[in-house]
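# any chance you can model this:
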Amino acid sequence: MAAVAGLAAGRVAIGTIQTLTCVGLPAELAAFHQDFPGIQVPVRDATVSELTEALRAGELDLAYLAPDARELPEGLTAYATWHEELVLITAPGHPLARAGRTLIKDLAEEPFVDFRAGTGLETAVRRLAAHCGLERRITCDVTQAGLLVELVRAGIGVAFVPRPIGERAGLPCVTIRQPEPGRTVVLAGRGARPRNPAAGALLDHLTGAVPVAAGLPGGRRLPAGP
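Numbers count the residues shown, from 1 in each chain. Predicted structure coming up:
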């Protein structure tokens, strides 16, 4: 900890899924920069598989992941874990928007907008649909959250997203009554603690931060894994 306190320079590379909502990463990195102005923090957003491989290869020190499996690959550690609620967003005026809630089984006739395969959100949604026997008719798949939101707003289809994304976009957020959909997000790295002092300083900052979701109904912090 003394080495972290005395850091005047360094570099820590962090990765993130594009749809991260449980932590306000830009604000947290700005606060970190105030404490450690000499540390460079390159940020990469990519698919879960790309971020995982970059972590294992040492290209990234830390990464926010929405893992496909319960356990992280060997050699990686979850330093913090969150659960995010997923909701269905629709165009304004859509019948489901007026209802405010729905069942998964009632969405069989709805066209969907989805993320491309390999993103953490797409994996969670695909798993949810398979569990409920829902065969979705996907009209568009995209790689950018902003485009997905605008396609939904235009009425091309509906989409599952973390609640804060829908609320920030001003779109109707339809609650899924059964089952409650969600996904797990972890802040991961290599080993019990990063060997890079700059990464250790950022890890301390991020795990000490109050999650954005803590005051919202859309997510909650869970105990970190061993």
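# all helices of the chain, in order?
For the chain, the helices defined by DSSP state H cover 2-5, 25-35, 48-57, 95-99, 120-132, 145-153, 163-169, 197-208.
# and this structure, what are its domain boundaries?
2-83+183-222, 84-182 (automatic domain parsing).
# the bottom helix or strand of this structure by mean pLDDT?
The weakest-scoring helix or strand in the chain, judged by mean pLDDT, DSSP states H and E, is strand 219-222 (a mean of 42).
# OK, contacts around the residue lying closest to Leu171 once chain neighbours are set aside?
Closest residue in space to Leu171, ignoring its immediate chain neighbours: Ile89 at 4.5 Å, by CB to CB, 6 or more residues apart in numbering. From N, CA and C alone the C-beta is placed, and that goes for glycine too. Ile89 sits next to 149, 152, 158-161, 165-166, 169, 171-174 when contact means CB atoms under 8 Å, 6 or more residues apart in numbering.
# now those residues in CSV, with distance to Cys140?
Formatted as CSV, the contacts of Ile89 follow (distance: CB to CB, whole Å):
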residue, distance to Cys140
Val149, 12
Val152, 9
Val158, 11
Ala159, 9
Phe160, 14
Val161, 14
Ile165, 16
Gly166, 17
Ala169, 16
Leu171, 16
Pro172, 19
Cys173, 20
Val174, 19
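# among these, which pair sits farthest apart?
Using CB to CB, the contacts of Ile89 span at most 14.6 Å, a distance reached by Val149 and Val174.
# neighbours of Arg190, how many?
19 (other CB atoms under 10 Å).
# I figured Arg116 was touching Thr143, is that so?
Yes - Arg116 is within contact range of Thr143, at 5.3 Å (criterion: CB atoms under 8 Å).
# quick check: neighbours shared by the two?
What both Arg116 and Thr143 touch, as defined by CB under 8 Å, 6+ apart, is an empty set.
# of all the helices of the chain, which lies closest to Glu84?
Of all the helices of the chain, helix 163-169 sits nearest to Glu84, with 7.7 Å by CB to CB.
# which helices and strands does the closest one pack with?
Packing contacts for helix 163-169, counted by 3 or more CB pairs under 8 Å, 6 or more residues apart in numbering; DSSP states H and E, involve strand 76-89, helix 145-153, strand 173-176.
# pLDDT weak spots in the chain?
Within the chain, the ranges that satisfy pLDDT under 70 run 1-6, 69-70, 118, 178-180, 209-226.
# quick revisit: going through the contacts of Ile89, which ones are buried?
Among the contacts of Ile89, those buried by neighbour count (16 or more other CB atoms under 10 Å) are 149, 152, 158-161, 165-166, 169, 171-174.
# tell me which of these is nearest to Pro26?
Of all the buried ones among the contacts of Ile89, Ile165 has the smallest distance to Pro26: 15.0 Å, by CB to CB.
# fine by me, thanks again.
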